[in-house]
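Enquirer: Sequence plus the predicted model coming up.
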There are 4 protein chains.
Amino acid sequence: MSHSFKLASRQSKHQNSEIQVGNVVFGGTKIIVIAGPCAIESRDQLFEVARSVKLAGVSILRAGAYKPRTSPYAFPGLGIEGLKILKEVSGEFQLPTVTEVLDIHSVEECGQYSDILQIGSRNMQNVNLLKEVGKSKKPVLLKRGMSSTVEEFLLAAEYILSSGNPNVILCERGIRTFETETRNTLSLSTIPLVKELSHLPIIVDPSHATGRSSLVVPMARASIAAGSDGIMIDVHPDPQSALCDGKQALTPVQFTQLMNECAPIAKAVGRFL
Amino acid sequence: MSHSFKLASRQSKHQNSEIQVGNVVFGGTKIIVIAGPCAIESRDQLFEVARSVKLAGVSILRAGAYKPRTSPYAFPGLGIEGLKILKEVSGEFQLPTVTEVLDIHSVEECGQYSDILQIGSRNMQNVNLLKEVGKSKKPVLLKRGMSSTVEEFLLAAEYILSSGNPNVILCERGIRTFETETRNTLSLSTIPLVKELSHLPIIVDPSHATGRSSLVVPMARASIAAGSDGIMIDVHPDPQSALCDGKQALTPVQFTQLMNECAPIAKAVGRFL
Amino acid sequence: MSHSFKLASRQSKHQNSEIQVGNVVFGGTKIIVIAGPCAIESRDQLFEVARSVKLAGVSILRAGAYKPRTSPYAFPGLGIEGLKILKEVSGEFQLPTVTEVLDIHSVEECGQYSDILQIGSRNMQNVNLLKEVGKSKKPVLLKRGMSSTVEEFLLAAEYILSSGNPNVILCERGIRTFETETRNTLSLSTIPLVKELSHLPIIVDPSHATGRSSLVVPMARASIAAGSDGIMIDVHPDPQSALCDGKQALTPVQFTQLMNECAPIAKAVGRFL
Amino acid sequence: MSHSFKLASRQSKHQNSEIQVGNVVFGGTKIIVIAGPCAIESRDQLFEVARSVKLAGVSILRAGAYKPRTSPYAFPGLGIEGLKILKEVSGEFQLPTVTEVLDIHSVEECGQYSDILQIGSRNMQNVNLLKEVGKSKKPVLLKRGMSSTVEEFLLAAEYILSSGNPNVILCERGIRTFETETRNTLSLSTIPLVKELSHLPIIVDPSHATGRSSLVVPMARASIAAGSDGIMIDVHPDPQSALCDGKQALTPVQFTQLMNECAPIAKAVGRFL
């Protein structure tokens, strides 16, 4: 197959791209772990999660202030108040952060409060938003659309790259299939396939991919074994009371277990957590 | 199954909604035909198409000025220049128009130049855009996301309705499946299903659904037989030279044939073209 | 796209194939209606259904004696006793019959009791069974596998044709997608696509495709409008007590309504029921 | 979700099932590696592959004598001659074997020549074949249907178990999705999900799942990290000249590399190759 992306292609750049965020480097030997709650619910909640994931050795804190929910009646996030909490907690624990940006208006705002801008699955083909984050200097975490092919995924990255921003981190988060036991179907062959086709780093979000907390740890292990440059994990102090996606969140204790199980896998593929 | 949409539900409003655009009514006895080129390429092109589809009895002219292309290197549309051409041609032929709006910035602008605002498949879950067109008074043509369930489709409509705009016209345009002969898989059972679950009018776009001009006429007939309130058809004076989606476009002659074949089907279901 | 089927291709035979079963011809001007219960449950049940569908103008009676159920604990059909009932009822009402054959052993047996041998979706790529019915002289109703492409569907037909039996009737019955409101997603563009690629007749089973009785009538209308050579409909005297697939079955009264609604559609496409 | 399988369920048997084949045990601490060519092409070919995979530490030889090809014109396998070669090579290298059985007639024959009977994806819902291997005493390798849900997969196993044969080894081999870069989409979350729902051992076939040899090694690593009890790998002395599925086959040298990379992953999850 011939592909229509250029700047994102392995042909255009043979060496792996390394994307720097503070002291953290995506695409190097270290496997980057991002963790945090799906949505910022309160200062207390975020502090509690940040403290526990910091202790467990996480590199980056993730938390949503703007949530693109399927229903207009679901919790939409705390908005700007959430971003302020995020920035405060980030400073307190010396953890760089990633948060989702929903529209072209908020790119600058989100960039002031967070270190990485996330483009969510629903916006993977929101071309004007891609171009807008492409004009920003902030690193971008681009999540795969839930029914996007790998080629379309790399073309979405191409929109950002061709707008001037080379700092794109890809994120596989499952695709939509007929299976109903899991929220989505995590496609781990995407990892080595993207490594073949592109120089960009790629991480995996096993929480959203499976939607089922009991599957998150084995899928985190498998992601690293497949060659992923990182993992992004939902952690919540009390998943049953979470305002968003509680079924897939790990407790801090389960998350520590995940870190313990992933470390030897990282070592087995010549990397470290 | 219980569903989480409210304002869009048949329970909330037993009677079919009728959406008025100039003299045109969606959801009544008349089957509304929308036709035009995928993208406005030039004044000459749009004039030629508009003249032929007007003659063939079309109610509304469709044409894109902003095109959300998969690749950043594909033709993105003429932008504001395209909108101006659209408005001029609309006046000339007394045809109301529909055009796609890509981001929250352009809602007002597009509303000045066009009678109906289209939300494309890639933006069906762009929640801020849904809310923005929900604040507008313009009728909205909401296309189904290519991997959205019918429930998600109606929840996207719910975003618009709950933001204050009751004038939503749904559009089935095919879903993504494993089949590779056609661009998407047109799911016509969506028509009676939406009629069961909702009071909103729904039309079908067999051109984008099949991506194959030879299948458009039979699928237009089938759409009307299934109970669709309208059809939207790609027409181009010279499909082979089209800058966008030429494979699926009908020539004006083929389009006239479509109208001739659809009229008796409309009659067979107690409606008219 | 180039395709790898030969005998099934339109290139190999430009004229539409007509398959004769008694006085019934598939692929001609008349739309052939097949109706009956998913499973034969008793002589009384089959008599009641046969009487009502005969009155409504059906050409062929369908009823299963061997049912390939997903669960080993579901009703598997009456087997040979069912076949005997089928033959008796067939004679009583002068209705040719179709019944599913599950394995190579039963091809001859089923052929003694029924006029058409059905290959079900689950067996569409059971190559030895395809070859076995290919050696028979009986017409074969080949249902599309639930995740088969159109090319694979025609290659399954090719197995039968290349084994010596030219009497293959194709049946579109919905494909598996992510949508959960319907049992499968009925792909009606398959009809004109198959007509383009092949000379074989093709019919539609809207009952299994939708799994929802309220959608069967509009989808039957749409099938005929799309160019289908026939339809196959589940009819049960008391759907709620059916031992198999009751949710999709029509009552005899609903079936009569279907016939009334389909007749004008057939006329609109230059055919008759 | 409640499920309708019983004997296959974890509730019915809390302890993992261990299936013994000669000295080999599926479901224990050792990860079982099955390797060999997709199809037996000649005695020389099978000897060459068997020698190299034996040297690399494989436990079981796989090779097809009966191939259920999509096209009737593709190589169908050597049949009984192939089975004889398989048995001879098995004895020569002291490697137990697995081969696919296509219909109820051949169950006994295949059982005489091979140690494990494979039910291929296309036959996962061939219920009479499932019942027939269920009456056999031979271990059965049951491959997931390419569009089967996990529940349907376990219900297929239930057919075998409820017919009297408890020796079922499951095999995830990818599901059909919209992605076209890979042959299928390998769903590794199936592994921990099946472990949760069932006591049966499960292995992974990354060769058929990806259809792309460059992805096989990372997916083998990921399978083991996800908790798979084994892997099944296509190996061919000269993939480019293979009569079946050459694109996915590893050379003996590549296969040795796979073993070397998988060993540390196995150790990282407390197991060994």
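Expert: That came through, no problem. Computed from a predicted structure; not experimentally measured.

Enquirer: C-alpha from now on. contacts and neighbour counts both.
Expert: Noted.

Enquirer: isn't A:Leu250 right next to A:Gln240, touching?
Expert: No. Taking contacts as Cα atoms under 8 Å, A:Leu250 lies outside contact range of A:Gln240: 10.3 Å.

Enquirer: if you count what's nearby, which of the two comes out ahead?
Expert: A:Leu250 (28 against 14; other Cα atoms under 10 Å in any protein chain shown).

Enquirer: Which residues of chain A lie near chain D?
Expert: A:1, A:147-150, A:177-181, A:185-189, A:192-193, A:210, A:215, A:218-219, A:221-227, A:261, A:264-265, A:268-269 (Cα under 8 Å from any Cα of the partner chain).

Enquirer: The residue of chain A found nearest chain C - nearest residue in space that isn't next to it in sequence?
Expert: Nearest residue of chain A to chain C (Cα to the nearest Cα) works out as A:Phe178 at 4.3 Å. Closest residue to A:Phe178 apart from its sequence neighbours, by Cα to Cα, 6 or more residues apart in numbering or on different chains: C:Phe178 at 4.3 Å.

Enquirer: can I assume the one you found sits in a strand?
Expert: No. Applying DSSP: H, G, I helix; E, B strand; the rest coil, one finds C:Phe178 to be coil, outside a strand.

Enquirer: how many neighbours does it have?
Expert: Neighbour tally, C:Phe178, other Cα under 10 Å: 21.

Enquirer: What residues does chain A have near chain C?
Expert: A:176-179.

Enquirer: between these, which is closest to chain D?
Expert: A:Glu179 (5.4 Å).

Enquirer: Surely the closest one touches D:Thr149?
Expert: Yes. Counting by Cα under 8 Å, A:Glu179 does reach D:Thr149; the two are 5.4 Å apart.

Enquirer: a markdown table for the residues of chain A next to chain C, including pLDDT and distance to D:Asn23?
Expert: Shown next, in a markdown table, are those (pLDDT from 0 to 100; distance: Cα to Cα, whole Å):
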| residue | pLDDT | distance to D:Asn23 |
| --- | --- | --- |
| A:Arg176 | 96 | 41 |
| A:Thr177 | 96 | 39 |
| A:Phe178 | 96 | 38 |
| A:Glu179 | 96 | 36 |
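
Enquirer: Just the buried residues of the residues you listed.
Expert: A:176-179 (16 or more other Cα atoms under 10 Å in any protein chain shown).

Enquirer: returning to that earlier point: quick check on the residue nearest to A:Phe178: phi, psi?
Expert: phi -80, psi -10 (degrees, to the nearest 10).

Enquirer: what's the answer for the one 4 residues further on, then?
Expert: C:Thr182 adopts backbone torsions of phi -110, psi 160, taken as degrees, to the nearest 10.

Enquirer: Leaving out chain neighbours, which residue sits closest to A:Pro237?
Expert: Nearest to A:Pro237 is A:Thr251, by Cα to Cα, 6+ apart, at 5.5 Å.

Enquirer: Please read the previous query as pertaining to A:Ser163.
Expert: Per Cα to Cα, 6+ apart, closest to A:Ser163 is A:Gly134, 4.7 Å.

Enquirer: doesn't A:Gly164 make contact with that neighbour?
Expert: Yes. A:Gly134 is within contact range of A:Gly164, at 5.6 Å (criterion: Cα under 8 Å).

Enquirer: quick one, which of those two is more surrounded?
Expert: Comparing A:Gly134 with A:Gly164 by other Cα under 10 Å, the one with more neighbours is A:Gly134, at 24 against 16.

Enquirer: Remind me what whatever helix or strand that one lives in packs against, helices and strands.
Expert: Taking DSSP states H and E as the criterion, A:Gly134 maps to helix A:127-135. Contacting helix A:127-135 under the criterion 3 or more Cα pairs under 8 Å, 6 or more residues apart in numbering or on different chains; DSSP states H and E are the following elements: helix A:150-162.

Enquirer: outside of the following helix or strand past the helix it packs on, which residues touch it?
Expert: Following helix A:150-162 in sequence order, the next helix or strand is strand A:168-172 (DSSP H and E). Contacting residues not belonging to strand A:168-172 are listed as A:19, A:26, A:139-144, A:157, A:160-161, A:186-188, A:190-191, A:200-205 [Cα atoms under 8 Å, 6 or more residues apart in numbering or on different chains].

Enquirer: sorry, back to before: what's the residue nearest to A:Phe178 in contact with, if anything?
Expert: By Cα under 8 Å, 6+ apart, the neighbours of C:Phe178 are A:176-179, B:147, B:149.

Enquirer: ok, so what distance separates it from B:Ile175?
Expert: 9 Å (Cα to Cα, to the nearest Å).

Enquirer: After the stretch of helix or strand A:Val217 belongs to, heading C-terminal, what element do we hit next?
Expert: Secondary structure assigned from DSSP H and E places A:Val217 in helix A:216-226. With elements assigned by DSSP H and E, the helix or strand that comes after helix A:216-226 is strand A:230-234.

Enquirer: Flag every buried residue along the very next helix or strand once past that next one.
Expert: Later in the chain than strand A:230-234, the nearest helix or strand by DSSP H and E is helix A:252-268. Within helix A:252-268, the residues that count as buried by 16+ other Cα under 10 Å are A:252, A:254-256, A:258-259, A:261-268.

Enquirer: quick one: average pLDDT of helix A:252-268?
Expert: The average pLDDT for helix A:252-268 rounds to 98.
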